[in-house]
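Undergrad: Model the structure of this input:
(one chain, ligands or ions: 1)
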Amino acid sequence: MSTSIDMELKQIKTRLIARREELNDLVSVSEESRDPVELDQTRVGRLSRMDALQNQAMSLETGRRRQAELERIEATLKRIDKGDFGYCLNCGEDIAPKRLQLDPTLPMCIDCASYAS
Ligand SMILES: [Zn+2]
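TA: This next block holds a predicted model:
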């Protein structure tokens, strides 16, 4: 492995670990505020009750997305440690560096990814 790639991997790893910490913080914050939906009957009418429920559904969805991103980050960090990073999980070809710069957690090359979706 050349030095420049090694440097890049370190940067990607640092970036991923920072992002993981950020997500972990967000996840624990939203867990505190998730339940129960507050129902102050004196102030909150029917519409705002629906708003509250909608907000709750949205924060659940956001939480799920964050969880999925966390899992992708974990998997990517493992691939970096094993030396598998940068290779398509499906066909084993190199993933285009531009693609990885955009999102290092992408597990597949562009051909396989467009095939899968
Ligand atoms: Zn592929």
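
Undergrad: How about the residues of the chain by the ion?
TA: Those residues of the chain that sit near the ion, judged by CB under 5 Å from the ion, are Cys88, Asn90, Cys91, Cys109, Cys112. C-beta: built from backbone N, CA, C; applies to glycine.

Undergrad: Of the residues you listed, select the buried ones using a PyMOL command.
TA: To isolate the buried ones among the residues of the chain next to the ion in PyMOL, judged by 16 or more other CB atoms under 10 Å, type:
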select buried, resi 88+109+112
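
Undergrad: Quick check: the farthest pair among the residues of the chain next to the ion?
TA: Asn90 and Cys109 (7.4 Å; CB to CB).

Undergrad: Show me the contact partners of stretch 96-111.
TA: 12, 15-16, 69, 72-73, 75-76, 79, 85-86, 88-91, 93-95, 113, 116 (CB atoms under 8 Å, 6 or more residues apart in numbering).

Undergrad: Kindly provide the distance from Ile80 to Lys98.
TA: Distance from Ile80 to Lys98, counting by CB to CB, to the nearest Å: 18 Å.

Undergrad: Look at those two and report which has more neighbours.
TA: When Ile80 and Lys98 are compared for neighbours, Ile80 comes out ahead with 17 against 8, by other CB atoms under 10 Å.

Undergrad: Tell me the pLDDT of the more buried one.
TA: pLDDT recorded at Ile80 is 95.

Undergrad: Was I right to think it contacts Lys10?
TA: No - using CB atoms under 8 Å, Ile80 makes no contact with Lys10, being 9.2 Å away.

Undergrad: Low-confidence stretches in the chain?
TA: By pLDDT under 70, the weakly predicted segments of the chain are 1-5, 30-45, 116-117.

Undergrad: okay, now the domains of it?
TA: 3-85, 86-117 (automatic domain parsing).

Undergrad: Most tightly packed of those?
TA: By mean neighbour count, with neighbours taken as mean count of other CB atoms under 10 Å, domain 86-117 ranks first of the domains of the chain at a mean of 14.

Undergrad: chain center to that domain: distance?
TA: How far domain 86-117 lies from its chain's middle: 16 Å, per CA atoms, centre = their mean, to the nearest Å.
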